[in-house]
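Asker: pasting the sequence and the predicted model now:
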Amino acid sequence: MTAVYQFTMYDILTDTERESRRWGTREAIDRIGGKVIEDSAVNIDTSLLGSEVEGMTERGFNPSRPSGSKKQVG
C-alpha cells in the first residue's frame, strides 16, 4: 500500500493553480513542484501507480472506484 495525494500545479494557460488529474506520492509531487492537498491522502495498492510517470497514478484516477481507475467507456 502507498499513500497518494491530490495536488495542484500552476497552469500557465489560465494563470491559476489547478488540481491535477493524477494523484501522486508526496515525493513525486515534490519532485515536479506541485502543492500537496494535505487532507486528500488515500492508501492505494502500489500496482495502481502508473508506469508513465514514476510515483503518479494514471490520468483520471478515482480512488472511490474499486479499481481506482477511471471509468472505461465503450
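Answerer: Done, it's in. Computed from a prediction, not measured in an experiment: that's the story for all the values here. Numbers count the residues shown, from 1 in each chain.

Asker: and the residue nearest to residue 40 when sequence neighbours are not counted, how many neighbours?
Answerer: Residue nearest to residue 40 in three dimensions, not counting chain neighbours: residue 6, with 4.0 Å by C-beta to C-beta, 6 or more residues apart in numbering. C-beta here means a position set from N, CA and C on the backbone, and glycine is covered the same way. Counted with other C-beta atoms under 10 Å, residues neighbouring residue 6 total 22.

Asker: for residue 6, give me its contacts.
Answerer: 19-20, 23, 37, 40 (C-beta atoms under 8 Å, 6 or more residues apart in numbering).

Asker: how about JSON lines for those, with secondary structure added?
Answerer: JSON lines is the format used below for the contacts of residue 6 (DSSP: H, G, I helix; E, B strand; the rest coil):
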{"residue": "19", "secondary structure": "strand"}
{"residue": "20", "secondary structure": "coil"}
{"residue": "23", "secondary structure": "coil"}
{"residue": "37", "secondary structure": "coil"}
{"residue": "40", "secondary structure": "helix"}
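
Asker: middle-most residue in the chain, spatially?
Answerer: residue 23 (0.8 Å; C-alpha atoms, centre = their mean).

Asker: return the set of residues that bridge with the nearest residue to it once chain neighbours are set aside.
Answerer: Spatial nearest neighbour of residue 23, chain neighbours left out: residue 4 (4.2 Å); criterion: C-beta to C-beta, 6+ apart. Listed by DSSP bridges, the beta-bridge partners for residue 4 are residue 42.
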